[in-house]
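Undergrad: take a look and give me a structure for this.
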Amino acid sequence: MFDLSYGLMLSQITSTLIMVGVIWMVQCVHYPAFAYMDRDRFPAFHRLHMERISWIVMPTMLVEFVGAVLLCIPRFSDDPVLWMALNMTLVVLIWLSTFLWSVPIHHQLSHKGFDEDAIVRLCNTNWPRTILWSCKAMILIYLFL
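TA: Numbering: from 1, shown residues only. Model prediction:
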């Protein structure tokens, strides 16, 4: 028989670990590389980045969000409510930093084109997401193992 709590926890840890891999690659390689892109080709490059990364990030973040919400409901989780509330809090903080910092900067880059200051801000404001997702992964690994 399928254990719903186990399945939700497995989807939560899987989606989180995918996002940890994505966010560290983006933070350490991809966003810094924006600064080295030819200014004339930057709009097309940024558009390609946004289109392609969205296919990975959006469904994964959505699975992570829905799973975190369901795991906060005691009937769906065997884990202590405090840990699941912490998990949900980290998800909310990640989403807030995404939509308050990252999305507006990407919007600016989409409309203005190459902007070195915006690229630096993008790299700097991405650190909270990188750290939050990493902490979330460590907590889930602790709970799952």
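
Undergrad: how about low-confidence regions in this structure?
TA: 1-2, 77-79 (pLDDT under 70).

Undergrad: in it, which spans are strands?
TA: Taking DSSP state E to define them, one finds no strands in the chain.

Undergrad: point to the residue nearest the middle of it.
TA: With distances taken as Cα atoms, centre = their mean, the residue of the chain nearest its centroid is residue 19 (5.2 Å).

Undergrad: got the contact list for that one?
TA: 57, 60, 61, 64, 133 (Cβ atoms under 8 Å, 6 or more residues apart in numbering). (Glycine included, C-beta is placed from N, CA and C.)

Undergrad: apply 7 Å and report the result again.
TA: 60, 61, 64, 133 (Cβ atoms under 7 Å, 6 or more residues apart in numbering).

Undergrad: residue 88 too?
TA: Contacts of residue 88 by Cβ under 7 Å, 6+ apart are 68, 69, 72.

Undergrad: buried subset of the residues you listed?
TA: Taking 16 or more other Cβ atoms under 10 Å as the criterion, what is buried in the contacts of residue 88 is 68, 72.

Undergrad: out of the contacts of residue 88, who's nearest residue 140?
TA: In terms of Cβ to Cβ, no member of the contacts of residue 88 lies closer to residue 140 than residue 68, at 10.0 Å.

Undergrad: my read: that closest one touches residue 12, true?
TA: Yes: between residue 68 and residue 12 there is a contact under Cβ atoms under 7 Å: 6.4 Å.

Undergrad: just give me the neighbour total for residue 20.
TA: Using other Cβ atoms under 10 Å, residue 20 is surrounded by 18 other residues.

Undergrad: quick one: it and residue 133 touch, right?
TA: Yes: counting by Cβ under 7 Å, residue 20 does reach residue 133; the two are 5.0 Å apart.

Undergrad: re the thing from before, which one among the contacts of residue 19 gets closest to residue 85?
TA: For the contacts of residue 19, the nearest to residue 85 is residue 64 (15.5 Å; Cβ to Cβ).

Undergrad: who are the contact partners of the closest residue to that closest one other than its chain neighbours?
TA: Among residues not flanking residue 64 along the chain, residue 15 sits closest, at 3.9 Å (Cβ to Cβ, 6 or more residues apart in numbering). Going by Cβ under 7 Å, 6+ apart, residue 15 touches 60, 63, 64, 67.

Undergrad: noted, bye for now.
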